[in-house]
Every structure is written in C-alpha cells, then in structure tokens.
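**Student:** kindly return the folded structure for what I paste below:
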Amino acid sequence: MKYRLQSGSIGNIIGVFMEKNQSKYQVVIRTTSGTNNIGELFVAEECAWLTQEIQDWLHPR
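**Tutor:** Just a heads-up that it's a prediction; the model follows:
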C-alpha cells in the first residue's frame, strides 16, 4: 500500500472520521482541498483508536 505525500496547514483539516468499506474500516481526513484515506484493512477498534489519536493531536485538551 502506498500513500502520496500531502502537505498543508492543520487549519485546513475539516474533520477526521472512520468509514466502513465492506467488512473493514479506514480513517478519512477531510480537508478544504479534498479527502484523504488512511488504511483500508483496519478492524473497527484499530480504526477508532487511530481516528481518536489524530483528533486528540489536532485538538489537544
């Protein structure tokens, strides 16, 4: 699996979501310039964890 390099401002990120694709999940990052998918083979728990980690990094408490 290959990912293309993306760069931009954190402020351009609209949201981070998990999306089901058949029986597996992927992380979806929506930005002002488009949508980027991370992974395609996560189980629900892995995907939820990674999604939450990214959200916590973007919006620290």
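**Student:** which residues of the protein fall in strands?
**Tutor:** Applying DSSP state E to the chain gives strands spanning 13-21, 24-31, 34-42.
**Student:** I'd like to know which elements the shortest one is packed against.
**Tutor:** Going back to what we said before, that points to strand 24-31. Contact partners of strand 24-31 among helices and strands, from 3 or more C-beta pairs under 8 Å, 6 or more residues apart in numbering; DSSP states H and E: strand 13-21, strand 34-42, helix 44-58. Using the backbone N, CA and C atoms, a C-beta is placed for each residue, glycine as well.
**Student:** confidence-wise, which of those is weakest overall?
**Tutor:** Lowest mean pLDDT of the helices and strands packed on strand 24-31: strand 34-42, a mean of 90.
**Student:** from the chain's centre, how far out does it sit?
**Tutor:** 6 Å (C-alpha atoms, centre = their mean, to the nearest Å).
**Student:** now it - C-alpha only, CSV.
**Tutor:** Output of strand 34-42 as CSV, limited to C-alpha atoms (Å, rounded to 0.1, in the frame of the first residue of the first chain):
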residue,chain,number,x,y,z
GLY,A,34,-10.2,17.2,-0.6
THR,A,35,-10.4,13.9,1.1
ASN,A,36,-7.6,11.6,2.1
ASN,A,37,-7.9,7.9,3.2
ILE,A,38,-5.5,6.1,5.5
GLY,A,39,-5.5,2.4,5.5
GLU,A,40,-8.1,0.0,4.1
LEU,A,41,-7.7,-3.0,6.3
PHE,A,42,-8.4,-1.8,9.9
